[in-house]
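Visitor: My questions are about this predicted structure, shown below with the sequence.
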Amino acid sequence: MSDLLSDDEIDRQLPNGWERDGEEITRAFEFDSYLPGVGFASAVGGLAEEAWHHPEITITWGEVEVRLTTHDAGGITEKDIELAGRCNEIYE
Ligand SMILES: C[C@H](O)[C@H](O)[C@H]1CNC2=NC(N)=NC(=O)C2=N1
């Protein structure tokens with residue numbers, strides 16, 4: 001099981017654009033319309049399956065919110081940080 005990160009480790013390791021929200025990290029990815037967001041969410045789903053680590057994804061018009069926590073550990077771990085970084089890679 002992954003170890004929980006300390007507050008300092010989380011603050012230092014948060015990827016660009018991500019914020020801490022309690023025991024989760026989150027980022028709202030912006031798009032020009034709805035379907036690009038749907039495509040992005042699908043790609044995040046593929047990353048999640050590859051990592052076997054699954055975010056909460058909320059799709060609205062022009063925005064996809066991704067929220068990550070490690071349920072098995074009850075908080076934020078390296079798995080969350082790593083997947084957040086990979087989400088950034090496919091967005092930028
Ligand atoms: C049973 C299955 O292996 C677990 O639920 C995996 C799958 N995906 C997961 N996703 C997330 N975000 N946290 C987990 O602890 C987790 N564990």
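Guide: Sure thing, it's come through.
Visitor: doesn't residue 27 make contact with residue 63?
Guide: No - judged on Cβ atoms under 8 Å, residue 63 makes no contact with residue 27 at a distance of 10.3 Å. (Each C-beta comes from the backbone N, C-alpha and C, glycine too.)
Visitor: Looking at these two, which has the bigger crowd around it?
Guide: residue 27 (21 against 13; other Cβ atoms under 10 Å).
Visitor: List the contacts of that one.
Guide: Going by Cβ atoms under 8 Å, 6 or more residues apart in numbering, residue 27 touches 15, 17-19, 65-66, 84, 87-88.
Visitor: go on, residue 10?
Guide: Applying Cβ under 8 Å, 6+ apart, the residues near residue 10 are 20, 25, 76, 81.
Visitor: Export these to a markdown table and append columns for neighbour count and pLDDT.
Guide: Shown next, in a markdown table, are these (neighbours: other Cβ atoms under 10 Å; pLDDT from 0 to 100):
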| residue | neighbour count | pLDDT |
| --- | --- | --- |
| 20 | 13 | 98 |
| 25 | 24 | 98 |
| 76 | 26 | 98 |
| 81 | 19 | 98 |
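Visitor: now, which of the residues you listed lie close to the ligand?
Guide: Applying Cβ under 6 Å from any ligand atom, the subset of those adjacent to the ligand is empty.
Visitor: a markdown table for these, including distance to residue 42?
Guide: Below are the contacts of residue 10 laid out as a markdown table (distance: Cβ to Cβ, whole Å):
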| residue | distance to residue 42 |
| --- | --- |
| 20 | 26 |
| 25 | 21 |
| 76 | 25 |
| 81 | 22 |
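Visitor: Can you get me a residue count around residue 58?
Guide: So residue 58, with other Cβ under 10 Å, has 14 neighbours.
Visitor: Can you tell me the SS state at it?
Guide: strand (DSSP: H, G, I helix; E, B strand; the rest coil).
Visitor: Contact residues of this protein facing the ligand?
Guide: Residues of the chain lying near the ligand (Cβ under 6 Å from any ligand atom): 52-54, 69-72.
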